[in-house]
Structures are given as structure tokens and as C-alpha cells.
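A.B. asks: Please find the sequence and the predicted model below.
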Amino acid sequence: MKMSQIMSGLLLGASLMGAPPAFAADVTAEGAWSRAMPPSARVLPVYVTLRNSSAEDVSLVSVSTTYGQAELHETVMENDMMKMLPINAIVVGSNKQVQLAPMGLHVMITNLVLDVPAKGSTLPLTLTFDNGETISLDVKVTSQP
């Protein structure tokens, strides 16, 4: 039996047993939460901490959810007024972390197609990075993290 056949068999067996992938994820997401909003809310904010363990910078380039349209936003002070502006990407430096938090970088879900999730429930979110990695999360809906 050729070595490549043996390796293929071992990899297939490991994947069928639910073993972790052979390649470690470069980016992790921790502590994802969304502020509990009243049923009449038209937007849902989402916060999470992103960690990059790779030797290269990685950018969060898109977010998706079944609840509506998800956008990357930043909060800025402009003419003594706080504004939330859409941005194209969030860079997570090599071996660094970025915290998406109130009054800073965050995900904003707009154009809701489902009812506002109740406190204590979760909402699904998928993060997509420029290196091709994706992370699927169940975001906890709470009044604070």
C-alpha cells in the first residue's frame, strides 16, 4: 500500500470520528453577545473579541445572519455627535486581538426579516475573513456581556 493511500485513509477516518481539523484555525471569536433590544427595534448590535494567532494580519470582511443584513460598523465622534459608520473591513493584526464593543467597532444587523430575539436566546452569525476562514457563532442575547 502506498504511503499516500495510508495518509488518505487516516485523514478520512479522523474526519469521520469528528476529530479536529489538521490545520489550526488562525482566527478565533470569543464572548459574542448582542444587546437585548425591545421588540420594536429596527437594528441589532453584535459584539465579539477576535484573536489572530497567525504570523499575518487577517481582516474580517463580511458578516451574515438569518436575521437581516449584517454590516461592519465603527462609532466615531464627528462635530460633537456620535455616529455609526459602515466600514469595509476590520483588521486583526498578527498575534493580536480586536474587541468589537459598544461605542467602538461592532456588527450592526439591519433590515430585520425575523422578530427581534428575546433576552436569553441566541442568534446565528457567520464571520468571513480575507484568508478564506469562516467562523459560525451562536451569539448570546443579553443586557450586558
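C.D. replies: Okay, I see it.
A.B. asks: Could you use CA atoms for every contact and neighbour count after this?
C.D. replies: Will do.
A.B. asks: Just the pLDDT at the spatially most central residue of the chain, thanks.
C.D. replies: Compute the mean C-alpha point of the chain, and by CA atoms, centre = their mean the closest residue is Leu127, 3.9 Å away. If you check Leu127, the pLDDT there is 96.
A.B. asks: Is it bridged to anything, and to what?
C.D. replies: Taking DSSP bridges as the rule, Leu127 bridges to Val63, Ile135.
A.B. asks: Partner strands of the helix or strand where Gln97 lies, with direction?
C.D. replies: Assigning secondary structure by DSSP states H and E places Gln97 in strand 96-100. Here strand 96-100 has these sheet partners by DSSP bridges: strand 44-52 (antiparallel).
A.B. asks: Beyond the worst-scoring helix or strand of the chain on mean pLDDT, next helix or strand please.
C.D. replies: Lowest by mean pLDDT, DSSP states H and E among the helices and strands of the chain is helix 3-16, with a mean of 39. The element immediately downstream of helix 3-16 (helix or strand, assigned by DSSP H and E) is strand 27-35.
A.B. asks: So which bits of that next one are buried?
C.D. replies: Val27, Ala29, Ala32, Trp33, Ser34, Arg35 (16 or more other CA atoms under 10 Å).
A.B. asks: Which one of the residues you listed is nearest to Leu50?
C.D. replies: Nearest to Leu50 among those is Ala29, at 4.7 Å by CA to CA.
A.B. asks: so where's this protein shaky on pLDDT?
C.D. replies: For the chain, the stretches with pLDDT under 70 are 1-25.
A.B. asks: re earlier: how much space between the residue nearest to the centre of the chain and Leu137?
C.D. replies: Per CA to CA, to the nearest Å, Leu127 is found 8 Å from Leu137.
A.B. asks: ditto for Asn88
C.D. replies: 21 Å.
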